[in-house]
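K.L.:
okay, sequence plus prediction incoming.
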Amino acid sequence: MRFPLNLLTLALLGASGTVVAADFGVSRANTDKVNTAAFQCRQCQLTPGLAGEATVNAGYNDSDDIHSGNAFGDDHDGVVASVDAALGYRTENGYRSQLRAHNLGQDNGFVSLKSGRPGQYQMTLDYRSLTRYENGNVGTGLWHNQGMLQPDNTLRYLDLELERQQAGIGFRYDFGQLAQIGDLSSYVRYDREEKQGHRSASLMTPRPVNFALPVDESNDKLRAGLQLSGDDWFTELAYQGSQYKNDINNLSLPYASDVYSAAPDNQAHQLTLNGQYRLSNTVISGRAIAGRMIQDEGLIQMTGNPLQSWDGQVDTLDANLAISSLVNSRLRLGGQLDYRKRDNDSTVAEFVQLEFNPVSGAIRQNPLLDTERHALKLNASYRLAPGYRLQTGYDFKQLERSYGEREETRDHNLWAKLGMQLFTPLKLDLKASFGERDGSRYEAAELTSSETQSLLRKYHLADRRRTAMELGLQYTPLSWMTLDLNSHYAFDDYQETVIGLTESRDYGYDLNLTMQLSKQLSVYGFVGQQWIASKQSGDQSATWYSDIDDSFINLGAGIAYSGLLDERLTLGADYQFADSEGETCIGSAQYDDYYSFNHSVELYGRYHLNDAMALKVSYRYERYFDTDGSDVGIDAVTGLTTLGVLNHNYNAHQLMFSFSYLLP
C-alpha cells in the first residue's frame, strides 16, 4: 500500500521531541509593571510602496546526460531562462504583500505570494515544480499503451525521470480576543501534487524483465485548524487529510492480464488536539492524534483469491505528554511519555495455502498486523559552573507486534552530555550513550516459525548492544575566523545473531572553516567523511560470511572578493567534490563495487551598474561518474531482460547571465 500520510508520518507527527516547544521569547515577557507610554522606535519608519529585487536569468546548457539537470535545475541542452524575485509591497493602512520566486520557468523552480494585514488575515498562493532525473535515452522492449504493455522486438527509447507539479492555497484569519478567554485564530490550506514520468520496474513474463513503468498520479491534501492562546497557555484543534489517486491501472500483456499490480487509490485522515501550559518555571505540553487510513480498491482476480475488493482500514492513535521544569538556577528536569497504537480493521478472508512440507490445500486466514508502542524519556540538565553544563537522560521504548517473528521488543538507552566553555573562543561538547535491545522469544509466531531459518535474526528485531560517542567543537581564535568540528562513532553488536547482521560500525566527522579576511574578502572551506562497516553471515549449503564497507567524502571551498572597481564588482568561486564507494566481500570472493564521484565548480562575477541595477555572469561545471557492478546489458544474461547499463559518465557546462533591478 502507498499511503501519502502513512503510519510512519503519523508516528513522526505524533511524537517528535517535546510536543509543543516552550515559548521564552520577548513576546512572553511579563511587562505588567513596565511603563511603555514613552517608548518609541526611531528607526521603524516603514515606507509604503513596492520594494525588493527582481532578476531575469538567461543562459546556455551544454550536456549530453539529463542527470546534469539535478545540479543545473533543468535538463534542456541549449538556451534556458528563468526569473527570480524577492519583492514586498505595503500600504499606509498596514496591508502587506510578499512575492518570492526562484528559477521560475525552469524544471525546478517555485513562486510564492503572501498578502494580508498582520494580526488580521493572510492569504498564501504557492507553486513549485520539482523534477528528478535518473537516466536518459533508456531502451525498453515493453512500451505502455492504454494499460497494455506491448512487446516489441525493436527497442523504444525514453527518459527515466519524475516531474512533480505542486500548487497550494492557504488562508489564515485572526479573530482577536474571544470573550476574555484568549486570542482565537484559524487557518486552512489545500495542496495538490501531480506526478508524471517513468521509473524502472520489473515483472515475470515468466522470465524476469525490466521495463519503464509509466507514472501518472496525484495527491490532494487539506489542513485546517483553530488556535486559542492566552498569556501562559496555548491549544490547537486541527484536521489533516490526504487522498492519493493513481491514473495508471493494473498493467497487462497481450497474452496475460493484470501481470503488474498498480499502487491502489487510498486516503488518510487525522484529527489532532494539542496544547501547552506554563506554570511559573514549569512547562507542560501534550498532544493526542486520532487517524484513519482507508483503501477500498478492487483486487486482481486470480485462483485462490476469494475477494473482489479489499476493504482496508487502519486506525491509529497517538498520545504524548511532556513536562520541563526549572527547579533552580542550575537544575532543569524533564520527562516525556509517548503512546502509539496501530489497529488493523481490514478485511479477513480464507485463502488457499501451499505448505512447504507437505504440499497441501490448507486453508488459512490473512492475519491483521497490529502494533502498539510505549515510550518514556527522562532527562536532567545541571550547570556545574559558569560555562560547564552536564546533561543526562534515559530513554525506553517497548514495541508489541502481532503475528511477527518477535512479538515484543524493548529498547533501553542511557546517555550523558558534557558541555564546556573552556575559555572564551573554545566550546567543547562530549556525548556518550549505551543502548540495549531485548524482548520476547524470537520466532514465537506460528505464521513464520516453520518457514524461516531458525537461526536467522532480522536486524531491527534482534538483540543488540549499541555504544555511541559524539564530539563537538566550536573554536573562534580570532574575530574573523570560526572553526567547527563534529565527529561521531557508533558500534552495534548483535550478540545473539548467528545468521544475519552480526555487527556494524558507523563513524565520521565534519569540519567547517570560515574566514572574513577583510571587509571585502571572505573564504570558507569544509570537509566531511563517513565510514560504515558491516558484517553478515548466511546459510545455504554452507555457512558464509560477508563484509560490507561503504565510505563517503564531501569537501568544498569558496572565496568571494568585493573590493574591485570602487567596490562595484564582486568576484567569487565555489568548488565541491563528493565521492562514495561500496565494497562487498563474501569469503575470499569480492562483488563488483559501486563507485561514484562528482566535481562541481562555479565562477561568478557581479557588477553594480548603479544603485538600482546589477549584472551577473556565472559559469558552472560538473563532472559526474558512477558505476554499479549489478548493472548488465539488455540481453547480457540468458533469460534476463534489463534496461541496459544505467551508469553515468559526463561533463556538463552552464553559462548564465543575470540582470537584477533593485526597487527603492
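P.N.:
Structure received.
K.L.:
hey, let's count contacts and neighbours off CA atoms from now on
P.N.:
Fine.
K.L.:
which parts of the stretch 51-200 of the chain are helices?
P.N.:
Using DSSP state H, counting those that start in this stretch, the helices found in the stretch 51-200 of the chain span residues 69-72.
K.L.:
which stretches of it form strands?
P.N.:
Secondary structure of the stretch 51-200 of the chain by DSSP state E, counting those that start in this stretch: the strands cover 78-90, 96-104, 109-117, 121-145, 148-178, 182-204.
K.L.:
elements contacting the last one?
P.N.:
Contacts defined by 3 or more CA pairs under 8 Å, 6 or more residues apart in numbering; DSSP states H and E place strand 182-204 against strand 148-178, strand 208-229, strand 256-260.
K.L.:
low-confidence ranges in the stretch 251-400 of the chain?
P.N.:
When residues are selected by pLDDT under 70, those of the stretch 251-400 of the chain lie in 353-364.
K.L.:
all strands of the stretch 501-650 of the chain, in order?
P.N.:
Shown for the stretch 501-650 of the chain, the strands assigned by DSSP E, counting those that start in this stretch span residues 521-539, 543-564, 569-586, 589-590, 594-608, 613-628, 648-663.
K.L.:
picking that back up, deepest-packed of the helices and strands packed on strand 182-204, please.
P.N.:
Ranked by mean neighbour count under mean count of other CA atoms under 10 Å, those are led by strand 208-229, which reaches a mean of 19.
K.L.:
what is the mean pLDDT for that strand?
P.N.:
Per-residue confidence for strand 208-229 averages out to 96 on the pLDDT scale.
K.L.:
kindly report the same for stretch 594-603.
P.N.:
Throughout stretch 594-603, pLDDT has a mean value of 96.
K.L.:
what stretches of the chain score poorly on pLDDT?
P.N.:
For the chain, residues meeting the criterion pLDDT under 70 lie at 1-46, 353-364, 444-452, 540-541.
K.L.:
still on that earlier bit, export the strands of the stretch 501-650 of the chain to CSV and tack on distance to S202 and mean neighbour count?
P.N.:
As requested, the strands of the stretch 501-650 of the chain are arranged in CSV below (distance: least, CA to CA, whole Å; neighbours: other CA atoms under 10 Å):
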stretch, distance to S202, mean neighbour count
strand 521-539, 26, 18
strand 543-564, 26, 17
strand 569-586, 24, 18
strand 589-590, 26, 10
strand 594-608, 21, 18
strand 613-628, 18, 18
strand 648-663, 21, 18
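K.L.:
okay, these in JSON lines with distance to Y95 next?
P.N.:
Rendered in JSON lines, the data for the strands of the stretch 501-650 of the chain read as follows (distance: least, CA to CA, whole Å):
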{"stretch": "strand 521-539", "distance to Y95": "39"}
{"stretch": "strand 543-564", "distance to Y95": "37"}
{"stretch": "strand 569-586", "distance to Y95": "36"}
{"stretch": "strand 589-590", "distance to Y95": "67"}
{"stretch": "strand 594-608", "distance to Y95": "32"}
{"stretch": "strand 613-628", "distance to Y95": "27"}
{"stretch": "strand 648-663", "distance to Y95": "19"}
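K.L.:
between the ones you listed, which gets nearest to D159?
P.N.:
Between D159 and the strands of the stretch 501-650 of the chain, the tightest spacing by CA to CA is seen for strand 648-663, at 13.7 Å.
K.L.:
adjacent strands (with direction) for the closest one?
P.N.:
Based on DSSP bridges, the strands next to strand 648-663 in the sheet, each with its direction, are strand 49-62 (antiparallel), strand 613-628 (antiparallel).
K.L.:
next, the angle strand 78-90 makes with it.
P.N.:
40 degrees (axes from the mean of the first three to the mean of the last three CA atoms, to 10 degrees).
K.L.:
CA atoms only: put strand 648-663 into PDB for me.
P.N.:
What follows is the C-alpha trace of strand 648-663 in PDB, where atoms were taken according to Å, rounded to 0.1, in the frame of the first residue of the first chain:
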ATOM      1  CA  HIS A 648      26.700   8.000 -15.800                       C
ATOM      2  CA  ASN A 649      29.900   9.500 -17.200                       C
ATOM      3  CA  TYR A 650      29.600  13.100 -18.400                       C
ATOM      4  CA  ASN A 651      30.900  16.600 -18.300                       C
ATOM      5  CA  ALA A 652      28.300  19.400 -18.200                       C
ATOM      6  CA  HIS A 653      28.600  23.200 -18.600                       C
ATOM      7  CA  GLN A 654      26.300  26.100 -17.900                       C
ATOM      8  CA  LEU A 655      26.800  29.800 -18.700                       C
ATOM      9  CA  MET A 656      24.300  32.200 -17.200                       C
ATOM     10  CA  PHE A 657      23.700  35.900 -17.500                       C
ATOM     11  CA  SER A 658      21.500  37.700 -14.900                       C
ATOM     12  CA  PHE A 659      20.100  41.200 -14.800                       C
ATOM     13  CA  SER A 660      18.800  42.400 -11.400                       C
ATOM     14  CA  TYR A 661      16.800  45.500 -10.700                       C
ATOM     15  CA  LEU A 662      16.600  46.800  -7.100                       C
ATOM     16  CA  LEU A 663      13.400  48.700  -6.300                       C
END
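K.L.:
which residues does it contact?
P.N.:
Residues outside strand 648-663 that contact it (CA atoms under 8 Å, 6 or more residues apart in numbering): 50-65, 67-68, 72, 611-627.
K.L.:
please repeat the previous calculation with a cut-off of 7 Å.
P.N.:
When contacts are taken as CA atoms under 7 Å, 6 or more residues apart in numbering, the neighbours of strand 648-663 outside the stretch itself are 50-63, 65, 68, 612-626.
K.L.:
stretch 163-173 too?
P.N.:
120-132, 185-197.
K.L.:
any idea how far the spatially closest residue to I66 that is not a sequence neighbour lies from Y60?
P.N.:
Once its chain neighbours are removed from consideration, I66 has its nearest residue in D75; the separation is 5.0 Å (CA to CA, 6 or more residues apart in numbering). D75 sits 11 Å away from Y60, taking CA to CA, to the nearest Å as the criterion.
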